[in-house]
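Visitor: What shape does this take:
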Amino acid sequence: MEKLLFTCQNCGTEHRKWAGQCSDCNEWNCISEQVMKHNPRIGKKNQSLHTTAITEISTQENPRRSSNIKELDRVLGGGMVPGSAILLGGDPGIGKSTLLLQATAKLAVQGTVLYITGEESIQQVRLRGERIQALHPNLQLLSACELEAMLATIADIKPIAVIIDSIQTTVSNRSSSAPGTVSQVRDCASALIQNCKQQGYTLILVGHVTKDGTLAGPRVLEHMVDAVLYFEGDNGHAHRILRAVKNRFGPAGEIGVFEMSDAGLTSISDASRLFLSERASNIPGSVVLTCMQGTRPLLVEVQALVAPTAYATPKRSSVGLDLNRIGMLSAVLERHMGIALSAYDVYVNVAGGVKITEPAADLAVLLAILSAYQEKVLPHNMAVFGEIGLTGEIRPVSNPEGRAREAANLGFTQILMPHENHTRVQEGKLAATLRDMGTALAFIPVKHLSGATQMALT
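Guide: Next comes the predicted model:
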């Protein structure tokens with residue numbers, strides 16, 4: 001027996017009848033008609049399942065399989081876990097297929113790897129493999145879109161890893177909806193993930209992204225997989241950033257940095273030096289921030305520009321930082337430092353296309369704005385970090401030792417930091433280690449915004 005069902009292609013909400021606007025996500029013209037077939041499992045008597053005591057379960061971890069790509073293994077937490085499902089998303093042309101082809105060619109040394117492409121022919125994949133030198137006899141290619149055929153092929157060749165490029169092109173014969181719809185993506189992903197858990201191979205799903213930069217399809221897709229990776233980049237820069245938004249087998253928020261070239265993607269281990277390579281000296285409005293991306297300390301340049309506004313309402317613009325936080329920090333600077341920023345437009349940028357989400361960037365942002373406003377240059381060899389409260393106090397942040405060590409490795413001699421973090425660093429082993437190494441690194445503790453500006457801009 002079949003019945004009609006109307007499903008929103010944006011959020012997956014089911015409706016009894018068609019409507020121009022979805023009542024849940026408020027998107028227009030996103031509801032499509034689907035034919036739902038009778039489910040033979042409905043009405044079937046359920047059988048009792050076997051349970052296992054938690055004390056009898058082995059805690060030995062499955063050995064990870066290294067992709068021999070250092071930055072990819074870093075983001076995954078040390079390598080690919082057998083039986084895990086990974087979802088990789090990114091803008092078109094950013095390099096998702098290139099990265100996966102490089103990884104699978106190196107992974108093929110350990111066993112058979114199946115690369116299933118639904119958007120390209122196997123000849124196109126072969127040409128890319130020749131260009132980036134990613135060829136191996138254990139790397140098997142398949143051009144297919146039918147789910148049932150994929151599962152039969154996987155059961156036949158028993159690979160150690162399977163790549164589906166992409167999940168939006170995969171269709172199941174059990175559903176009459178079009179490829180890429182909510183039901184097709186959900187059902188196909190569920191079947192593939194269940195199969196990879198049973199067979200023990202690593203599954204990597206490539207997902208399309210919407211114009212907003214989020215993964216297309218139902219949100220439940222991100223909950224079903226073990227890891228969600230975003231491949232970010234800018235056409236104006238040669239580097240690419242792989243970010244782990246979710247990871248059940250490693251730290252979330254970890255990033256890997258790559259450089260795109262004609263020969264493919266190259267891992268960049270010294271990312272801080274890359275982001276500071278084009279930094280200009282003796283320029284107002286430039287501050288070096290020591291931030292954390294996952295477990296990785298990173299030095300980036302925060303730039304600010306303050307210009308008189310031509311409108312009644314001043315403009316606040318930000319690239320790489322939260323715009324709402326820029327507005328809040330501007331208000332803190334105006335209230336506690338007596339600077340009339342209401343008559344100026346404020347523009348803030350993180351050089352290199354890096355996105356910073358942690359509040360430890362507050363102090364760097366305020367010093368950059370103040371430096372641009374007063375046209376005073378901060379010391380070229382100074383790095384800063386710290387969170388700013390609404391009352392102007394500077395609050396401590398996590399992992400001050402790692403931030404200070406990264407700054408010392410790049411030759412910085414002064415670090416402006418919260419007072420509580422300074423106490424922790426002095427009591428730890430880092431200060432003694434730096435003294436033994438002969439590294440001249442001065443820690444400058446500050447408690448309030450006024451003290452920070454006095455130390456940095458005098």
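Visitor: What is the least confident helix or strand in this structure?
Guide: Here the helix or strand of the chain ranked lowest by mean pLDDT, DSSP states H and E is helix 430-437, holding a mean of 63.
Visitor: in the following helix or strand past that one, what's buried?
Guide: Under the assignment DSSP states H and E, the closest C-terminal helix or strand after helix 430-437 is strand 442-446. Neighbour counts over strand 442-446 (16 or more other C-beta atoms under 10 Å) mark Phe443, Ile444, Pro445, Val446 as buried. Backbone N, C-alpha and C define where each C-beta goes, glycine included.
Visitor: Which strands and helices lie in contact with strand 442-446?
Guide: Here strand 442-446 touches strand 414-418, helix 419-427, helix 449-456, going by 3 or more C-beta pairs under 8 Å, 6 or more residues apart in numbering; DSSP states H and E.
Visitor: how does it look with 10 Å?
Guide: Here strand 442-446 touches strand 382-384, strand 414-418, helix 419-427, helix 430-437, helix 449-456, going by 3 or more C-beta pairs under 10 Å, 6 or more residues apart in numbering; DSSP states H and E.
Visitor: Would you mind giving the buried residues of strand 442-446 as CSV with distance to Lys211 added?
Guide: Formatted as CSV, the buried residues of strand 442-446 follow (distance: C-beta to C-beta, whole Å):
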residue, distance to Lys211
Phe443, 45
Ile444, 44
Pro445, 45
Val446, 42
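Visitor: least trustworthy position among these, going by pLDDT?
Guide: Ranked by pLDDT, those bottom out at Phe443, which has 88.
Visitor: my read: that one touches Leu416, true?
Guide: Yes. Taking contacts as C-beta atoms under 10 Å, Phe443 lies within contact range of Leu416: 8.6 Å.
Visitor: between those two, what contacts are shared?
Guide: Common neighbours of Phe443 and Leu416 are listed as His422 (criterion: C-beta atoms under 10 Å, 6 or more residues apart in numbering).
Visitor: which neighbours does the host helix or strand of Met292 have in its sheet, and in what orientation?
Guide: Following DSSP H and E, the helix or strand that holds Met292 is strand 286-293. With DSSP bridges as the test, strand 286-293 is paired with strand 296-308 (antiparallel), strand 382-384 (parallel).
Visitor: Can you tell me which of the ones you listed is most buried?
Guide: Compared across the strands paired with strand 286-293, strand 382-384 shows the largest average neighbour count, a mean of 26 (mean count of other C-beta atoms under 10 Å).
Visitor: How far away from the center of its chain is that one?
Guide: Mean C-alpha position of strand 382-384 versus that of the full chain (C-alpha atoms, centre = their mean, to the nearest Å) differs by 25 Å.
Visitor: what do you get for stretch 409-426?
Guide: 27 Å.
Visitor: Equivalent analysis for stretch 390-403, please.
Guide: Chain-centre distance of stretch 390-403: 23 Å, with C-alpha atoms, centre = their mean.
Visitor: and the gap between Ala407 and Tyr230?
Guide: According to C-beta to C-beta, to the nearest Å, Ala407 stands 27 Å off from Tyr230.
Visitor: Between those two, point out the one with more neighbours.
Guide: Neighbour totals were compared for Ala407 and Tyr230, and Ala407 leads with 25 against 22 (other C-beta atoms under 10 Å).
Visitor: Select, out of the helices and strands packed on strand 442-446, the one closest to Glu393.
Guide: helix 449-456 (7.7 Å; C-beta to C-beta).
Visitor: Packing partners of that closest one?
Guide: For helix 449-456, the elements it packs on are helix 323-337, helix 362-374, strand 382-384, strand 394-395, strand 414-418, strand 442-446, judged by 3+ C-beta pairs under 10 Å, 6+ apart.
Visitor: Would you mind putting these into TSV with distance to Ser176 alongside?
Guide: Formatted as TSV, the helices and strands packed on helix 449-456 follow (distance: least, C-beta to C-beta, whole Å):
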stretch	distance to Ser176
helix 323-337	44
helix 362-374	53
strand 382-384	59
strand 394-395	56
strand 414-418	60
strand 442-446	65
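Visitor: I'd like to know which of these is closest to Glu427.
Guide: Using C-beta to C-beta, the helices and strands packed on helix 449-456 put strand 442-446 closest to Glu427, at 11.9 Å.
Visitor: Could you export that closest one as PDB, CA atoms only?
Guide: As requested, the backbone C-alpha atoms of strand 442-446 are provided in PDB (Å, rounded to 0.1, in the frame of the first residue of the first chain):
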ATOM      1  CA  ALA A 442      59.000  38.200  28.900                       C
ATOM      2  CA  PHE A 443      55.500  37.500  30.300                       C
ATOM      3  CA  ILE A 444      53.500  40.700  30.800                       C
ATOM      4  CA  PRO A 445      50.500  40.100  33.100                       C
ATOM      5  CA  VAL A 446      47.500  42.400  33.000                       C
END
